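Peer 1: can't give you the sequence, but here's the structure:
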């Protein structure tokens with residue numbers, strides 16, 4: 001999800017065409033397009049080449065901007081990764097108190113309703 005969005009955003013900021021990024025990373029323009037659209041997934045090696053070409057980390061491309069560790073009630077450590085985009089979305093949801101409450105109490109049903117509405 002994040003890979004395609006961030007890949008395109010970074011490529012365009014650097015003024016690179018899909019073809020040029022492909023040349024820099026050893027893949028075709030069609031592959032770069034597929035990555036951006038979420039139709040294809042690069043290999044680990046290819047992801048590393050893309051990150052190097054765009055001067056970012058692979059974690060950034062994958063949406064791992066901020067990693068937090070939480071200790072659960074059972075004493076286990078849980079690692080949670082959240083991107084700036086996800087944080088912005090959470091903050092926006094909190095502003096909409098009724099929707100936020102519905103999402104917390106019945107997330108599946110609420111997202112199903114949102115999806116139905118968006119697909120009309």
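Peer 2: Nice, I can see it. Note that the structure is predicted; figures quoted are calculated from it, not measured.
Peer 1: pLDDT on stretch 41-53, on average?
Peer 2: Stretch 41-53 carries an average pLDDT of 94.
Peer 1: Can you give me the buried ones in that stretch?
Peer 2: 42, 46, 47, 49, 50, 51, 53 (16 or more other Cβ atoms under 10 Å). The way it works is simple: take the backbone N, C-alpha and C, and place the C-beta from them, glycine included.
Peer 1: element containing the last one, please.
Peer 2: Right, the one you point to is residue 53. Element membership for residue 53, per DSSP states H and E: helix 44-54.
Peer 1: Contacts only, for residue 101.
Peer 2: With contacts defined as Cβ atoms under 8 Å, 6 or more residues apart in numbering, residue 101 has no neighbours.
Peer 1: Phi and psi next, for it.
Peer 2: With angles defined as degrees, to the nearest 10, residue 101 sits at phi -60, psi -40.
Peer 1: and it, how far is that from residue 44?
Peer 2: Applying Cβ to Cβ, to the nearest Å, the value for residue 101 to residue 44 is 40 Å.
Peer 1: moving C-terminal of the helix holding residue 53, what's the next helix or strand?
Peer 2: Helix 44-54 is succeeded, C-terminally, by helix 58-61 (DSSP H and E).
Peer 1: quick one: that following helix to chain centroid distance?
Peer 2: Distance, stretch centre to chain centre, for helix 58-61: 9 Å (Cα atoms, centre = their mean, to the nearest Å).
Peer 1: what comes up buried for that helix?
Peer 2: 60, 61.
Peer 1: so what secondary structure elements neighbour it?
Peer 2: Where contact means 3 or more Cβ pairs under 8 Å, 6 or more residues apart in numbering; DSSP states H and E, helix 58-61 is packed against helix 2-13, helix 44-54.
Peer 1: Indicate which one of the ones you listed is closest to residue 94.
Peer 2: If you check each of these against residue 94 by Cβ to Cβ, helix 2-13 wins as the nearest, at 21.2 Å.
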